[in-house]
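Engineer: here is the input, now give the coordinates:
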Amino acid sequence: MLTQVRLEGKKVLVGVTGSIAAYKACDLVRLYVKAGAEVRVVMTESAKRFVSPLTFEALSANRVLHESTESWADEINHIGLGEWADLFVIAPATANTLNKMASGIADNLLLQAVLAYEGPILAAPAANTRMVENPVTVANMKRLALNRVELVEPQTKLLACNTVGKGALAEPETIFAASLKHLLQKEYWYNRRVVVTGGGTVEKIDEVRYLSNFSSGKMAEALATALYAAGADVCLVATRPPSEIPPVHVIEVQSAEEMLTYTQEALKTAKKGILVKPDFHSESNQPELVQKTPWLFMAAAVSDYRPAYPQSGKLKKEQLGERWTLELVQNPDILMSLDRSGVKTLAFKAEMDASSALDSARKLLERKKVDAVALNVLKDAGSFGSDTNAVTLVTPEETAEIPLAGKTAVAFALLDLLETL
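Structural biologist: You can find the predicted model right below:
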């Protein structure tokens, strides 16, 4: 769902340092531009040995700041771009750059821009394992984390020096995802714990067969993406491994009973609030406990029934015969079974009869005591798995239509509407 996120009106300054991973910054710039953000690039002289400034100019459609282009006749200088940007992303950030940043050294244009910048900084380290894990680098990265610099952890993989270890630049999609909460943060959702359920539950018949439904889990992924971007602390309880979401906490489950168990545990944690590290303006070094009313987004498609006697091994058709009667028992009603005291709840409901869908949603609202229902009217099985959706938000007071759009756009629209509840 990351590819559906829109960043129109946002300004991102990308810093590129002298690492062989500099070529990946091209893909990062492309992601921001594709999302609608305006992008500027500042490069160190050593970075120019790996990627030409012309490449970034072509990708961003803006002049690149480096030693030969700094100008005081316009904003293309280390002060002007810092005042212009909403977010400063340094990717790749070499060990040399990170250590200098921690000490306030500004011996190149990029570091001068860092020292002059007053907003949030996102840095993605890229270096040899021994350089990343050197005690000096480790200590300096901890210092940076206390001073408004968020680090995107490097990967462990085969490095350019032909050794396997921690130090490879995080994937551009990961860096892009990590930057969203700095660009799209909303006060209502910031530091609020939210539990999202998603996907169609899987009810085991034997070791190779199961009962399920056509739910793709994409709407839940879109919700997790939008909530993360808005600043929420998100736990996604999902029946399928998510494909394209920010770094939220994910619990993988299969059956309705598993979903009930882990969702209840997630809600218990959500009710405890969240410990927030002090920012660099704070006079205290102690974390602060923030307790905002948590939310539950029940977007999963839960199977109504499960096999009464799931089998080990594989059932053979020779043993079953030409007719096979499968005995089913009713699954627990997750919404009715959860302890939702002190939790606000958005339930999702899919209907196929447009004439009675709204009435059905209102009955759900009253019967299950939820705060709102997101009603989705389906045409047929082909409605599942698409990247778009249209939703009617039903509350005790009113209904609001969210027209057909990408599922991430629909998720952001839902968040805007729910802030008033």
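Engineer: so which residues of the stretch 201-350 of the chain form helices?
Structural biologist: 218-230, 256-271, 317-320, 334-337 (DSSP state H, counting those that start in this stretch).
Engineer: which outside residues touch stretch 348-356?
Structural biologist: Outside stretch 348-356, the residues that touch it by C-beta atoms under 8 Å, 6 or more residues apart in numbering are 219, 297-301, 357, 360-361, 364, 373-380. All C-beta atoms are positioned from the backbone trio N, CA, C, and that covers glycine.
Engineer: okay, now Leu378: neighbour count?
Structural biologist: 15 (other C-beta atoms under 10 Å).
Engineer: which phi and psi does the closest residue to Ala308 other than its chain neighbours have?
Structural biologist: Distance criterion C-beta to C-beta, 6 or more residues apart in numbering; nearest residue to Ala308, sequence neighbours excluded, is Glu327 at 4.3 Å. Glu327 adopts backbone torsions of phi -80, psi 130, taken as degrees, to the nearest 10.
Engineer: what about Glu327, neighbour count?
Structural biologist: By other C-beta under 10 Å, 8 other residues sit near Glu327.
Engineer: per-residue confidence for it?
Structural biologist: pLDDT recorded at Glu327 is 94.
Engineer: quick check: it touching Arg306?
Structural biologist: No - with contact defined as C-beta atoms under 8 Å, Glu327 does not reach Arg306; the gap is 10.3 Å.
Engineer: would you check how far apart His182 and Asp304 are?
Structural biologist: Per C-beta to C-beta, to the nearest Å, His182 is found 42 Å from Asp304.
Engineer: direction included, what does the least confident helix or strand in the chain by mean pLDDT pair against?
Structural biologist: Scoring the helices and strands of the chain by mean pLDDT, DSSP states H and E places strand 155-158 at the bottom, with a mean of 80. Each strand paired with strand 155-158, and its direction, by DSSP bridges: strand 164-168 (antiparallel).
Engineer: ok, and what's touching the partner strand?
Structural biologist: The contact list for strand 164-168, computed with C-beta under 8 Å, 6+ apart, reads 21, 125-129, 131-133, 154-159.
Engineer: repeat that for 6 Å
Structural biologist: For strand 164-168, contacts defined as C-beta atoms under 6 Å, 6 or more residues apart in numbering pick out 127-129, 132, 154-159.
Engineer: on that earlier part again, give me the more crowded residue out of His182 and Asp304.
Structural biologist: A count of neighbours by other C-beta under 10 Å puts His182 above the other of His182 and Asp304, at 20 against 13.
Engineer: wasn't that one part of a strand?
Structural biologist: No - using DSSP: H, G, I helix; E, B strand; the rest coil, the assignment for His182 is helix, not a strand.
Engineer: quick one, what contacts it?
Structural biologist: By C-beta under 6 Å, 6+ apart, His182 lies in contact with 87, 120.
Engineer: just use 374 as the starting number from now, easier for me
Structural biologist: All right, first residue 374 from here; so that's His555.
Engineer: quick check: it vs Gly540, distance?
Structural biologist: 24 Å.
Engineer: distance between the ends of stretch 748-761?
Structural biologist: Stretch 748-761 has an end-to-end distance of 14 Å (C-alpha to C-alpha, to the nearest Å).
Engineer: sorry, that was for stretch 615-633
Structural biologist: One end of stretch 615-633 sits 19 Å from the other (C-alpha to C-alpha).
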